[in-house]
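In: kindly generate the corresponding structure for this input.
(one chain, ligands or ions: 1)
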Amino acid sequence: MAYKTVRQIFEHNKEWIAERLKSDPDYFKKLSQRQVPKYLFFGCSDSRISTEAIMASEPGDVFTHRNIANVISGFDLNILSVINYAVNHLRVKRIVVCGHYGCGGVKTAMSSTDEGLLNPWLRNIRDVYRLHMAELNNIGQTEARYDRLVELNVIEQCINLVKTRDVQKALLEKRITIHGWVFDMRTGQLIDLKFNTKKAMKEIMAIYTVF
Ligand code: CO
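Out: You can find the predicted model right below:
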């Protein structure tokens with residue numbers, strides 16, 4: 001986690017190119033020709049989240065979008081465009097929403113403070129808290145409550161995916177699966193929340209169906 005100068009970054013780039021070409025002289029030729037990722041990954045912008053480390057992935061494997069607290073907002077043209085392109089054009093097979101314990105965005109959303117410009121974004125997570133207030137307020141220990149909100153936020157963001165037109169269509173065509181995961185930075189462990197896509201569809205499509 002050492003600080004690198006800009007010069008070091010560019011030096012590293014040269015070494016990386018040499019290393020890749022050594023193992024495969026056509027590496028960049030192949031890389032530049034096309035991308036066929038099977039995964040669409042939504043994660044937090046937190047610097048400690050490494051998509052490559054979590055997904056054990058190489059360039060070309062994972063189409064990625066990251067924002068504060070991995071929120072899937074139906075009003076965010078950026079995220080809706082990512083979903084549209086990944087699902088309809090790249091034809092990804094799996095969508096992952098990956099939260100993480102110790103998430104600053106989730107922690108801030110747990111307190112009733114004025115965060116200025118961040119307020120509308122944090123409201124997405126505050127809505128998750130309100131939806132699950134009974135369960136969360138029953139958890140006495142603050143740390144455990146915080147962990148649970150991280151998990152519930154992932155589940156609600158998976159549900160938000162099901163609400164979108166493109167994902168709904170792909171689900172009905174049975175060509176996509178949604179996964180809700182949490183990365184535990186305290187141990188490095190990846191936890192599968194076992195998001196039940198079928199159950200979520202059944203429960204919410206009576207209200208949110210667009211087809
Ligand atoms: Co975070």
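In: next one: phi and psi at the residue most central in space within the chain?
Out: Nearest to the geometric centre of the chain sits F42, at 1.9 Å (C-alpha atoms, centre = their mean). Backbone geometry at F42, expressed as degrees, to the nearest 10, gives phi -110, psi 120.
In: from the ion, how far out is the residue lying closest to it once chain neighbours are set aside?
Out: Using C-beta to C-beta, 6 or more residues apart in numbering and skipping residues adjacent in sequence, the residue nearest F42 is V97, 4.8 Å away. (C-beta placed from N, C-alpha, C; glycine too.) The gap separating V97 from the ion is 12 Å, by C-beta to the ion, to the nearest Å.
In: off-centre distance for the helix or strand encompassing V97?
Out: Element membership for V97, per DSSP states H and E: strand 94-100. The chain centre lies 4 Å from the centre of strand 94-100; the measure is C-alpha atoms, centre = their mean, to the nearest Å.
In: can you pull the buried residues of the next helix or strand after it?
Out: Counting by DSSP H and E, the next helix or strand C-terminal to strand 94-100 is helix 104-109. For helix 104-109, the neighbour count (16 or more other C-beta atoms under 10 Å) marks G105, V106, T108, A109 as buried.
In: re the thing from before, show me what the mean pLDDT comes to for the strand holding V97.
Out: Mean pLDDT, computed over strand 94-100, is 98.
In: likewise stretch 160-173?
Out: pLDDT averaged over stretch 160-173 gives 95.
In: for stretch 56-70, same thing?
Out: 97.
In: number of nearby residues for the residue nearest to F42?
Out: V97: 27 surrounding residues under other C-beta atoms under 10 Å.
In: just F211 next, same as before
Out: Around F211 there are 7 residues (other C-beta under 10 Å).
In: which helices and strands sit right next to the helix or strand hosting G43?
Out: For G43, the host element (DSSP H and E) is strand 39-44. Judged by 3 or more C-beta pairs under 8 Å, 6 or more residues apart in numbering; DSSP states H and E, the packing partners of strand 39-44 are helix 51-55, strand 62-67, helix 77-84, strand 94-100.
In: switch these over to JSON lines; also include distance to L171.
Out: Shown next, in JSON lines, are those (distance: least, C-beta to C-beta, whole Å):
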{"stretch": "helix 51-55", "distance to L171": "22"}
{"stretch": "strand 62-67", "distance to L171": "18"}
{"stretch": "helix 77-84", "distance to L171": "12"}
{"stretch": "strand 94-100", "distance to L171": "10"}
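In: so which of these is the most surrounded?
Out: Neighbour counts (mean count of other C-beta atoms under 10 Å) averaged over each of the helices and strands packed on strand 39-44 peak at strand 94-100, with a mean of 24.
In: who's in contact with that strand?
Out: Contacts to strand 94-100, defined as C-beta atoms under 8 Å, 6 or more residues apart in numbering, come from residues 38-44, 46, 48-49, 54-55, 69-70, 72, 83, 86-87, 106, 150-151, 153-154, 157-158, 161, 167, 176-185, 190, 195.
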